[in-house]
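Q: Predicted model follows, preceded by the sequence.
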Amino acid sequence: MQLNKILLSAIAIFGMTSVAYADQGHGSVTFSGSVIESPCSINPDSVYQDVPLGQISTVTLKDGGTSDPRPFQIKLENCTVATAAAVTATFSGPESATGLLGMTGTVKGASIAITDGTGAVLKLGSPSAKQVLQTGYNTLSFSAYVQGDGKDVTPGEFQSIADFTLAYQ
């Protein structure tokens with residue numbers, strides 16, 4: 001009887017060990033999102049974006065100078081133009097003394113300008129020009145650049161977050 005218990009214990013241990021070695025990797029996948037009442041869906045890559053503006057020389061920003069614009073897009077999917085023919089985008093965030101997007105970090109004397117597809121600077125809290133929608137997929141084009149505030153720029157790191165809101169007409 002004692003031998004049977006030892007044999008059963010050994011089989012159980014070896015069985016668990018072989019199961020443990022059979023696992024060649026595991027993980028999980030989290031799915032998230034939201035359902036919105038809108039004539040278009042926003043492409044998941046457009047919801048949260050990172051636009052690297054680079055390492056910009058203080059000489060470039062001197063006396064209100066600007067860095068090179070870096071493009072970014074808001075991609076819309078599955079648009080139905082029967083319910084809306086156009087869309088505007090309104091950006092919001094911390095406003096600098098010059099009315100542009102303010103920054104956090106150690107940089108002083110510079111702000112971020114956001115422009116529409118024509119290069120016109122967008123005022124925070126005000127809608128962009130209307131962009132005509134077509135059925136299916138649409139791309140709203142924008143750019144951002146760093147601009148000196150007209151005085152000396154103190155070098156350092158910076159970050160800023162601008163939220164966008166779409167309005168359909």
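A: Perfect, I can see it now. Numbering: from 1, shown residues only.

Q: Quick check: residue 145 touching residue 66?
A: Yes: assessed by CB atoms under 8 Å, residue 145 is found in contact with residue 66 at 5.1 Å. Using the backbone N, CA and C atoms, a C-beta is placed for each residue, glycine as well.

Q: Now for the two: what residues contact both?
A: Common contacts of residue 145 and residue 66, defined by CB atoms under 8 Å, 6 or more residues apart in numbering, comprise residue 113.

Q: out of these two, which sits in the busier spot?
A: Between residue 145 and residue 66, counting by other CB atoms under 10 Å, residue 145 is the more crowded of the two (18 against 14).

Q: residue contacts, that one?
A: Here residue 145 is in contact with 53, 66-70, 112-113, 115 (CB under 8 Å, 6+ apart).

Q: and it, what are its bridge partners?
A: Counting by DSSP bridges, residue 145 forms beta bridges with residue 113.

Q: since we're on residue 24, how many residues are nearby?
A: Residues near residue 24, counting by other CB under 10 Å: 5.

Q: Residue 23 too?
A: 7.

Q: follow-up on the earlier one: want to throw the contacts of residue 145 into TSV with distance to residue 34, secondary structure and pLDDT?
A: Shown next, in TSV, are the contacts of residue 145 (distance: CB to CB, whole Å; DSSP: H, G, I helix; E, B strand; the rest coil; pLDDT from 0 to 100):
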residue	distance to residue 34	secondary structure	pLDDT
53	28	coil	97
66	35	strand	98
67	34	coil	98
68	34	coil	98
69	30	coil	98
70	27	strand	97
112	27	strand	97
113	30	strand	97
115	28	strand	98
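
Q: Now rank those by neighbours and give me the top one.
A: For the contacts of residue 145, the largest number of neighbours (other CB under 10 Å) sits with residue 112, at 22 neighbours.

Q: In its sheet, which strands sit next to the one helix or strand residue 73 maps to, and in what direction?
A: Per DSSP states H and E, residue 73 falls inside strand 70-79. Taking DSSP bridges as the criterion, strand 70-79 forms sheet pairs with strand 41-42 (antiparallel), strand 136-148 (antiparallel).

Q: Throw the ones you listed into JSON lines and include mean pLDDT and distance to residue 129, thanks.
A: JSON lines is the format used below for the strands paired with strand 70-79 (pLDDT from 0 to 100; distance: least, CB to CB, whole Å):
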{"stretch": "strand 41-42", "mean pLDDT": "96", "distance to residue 129": "19"}
{"stretch": "strand 136-148", "mean pLDDT": "97", "distance to residue 129": "11"}
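
Q: Of the ones you listed, which stretch is the most buried?
A: Here the criterion is mean neighbour count by mean count of other CB atoms under 10 Å, and of the strands paired with strand 70-79 the winner is strand 136-148, at a mean of 18.
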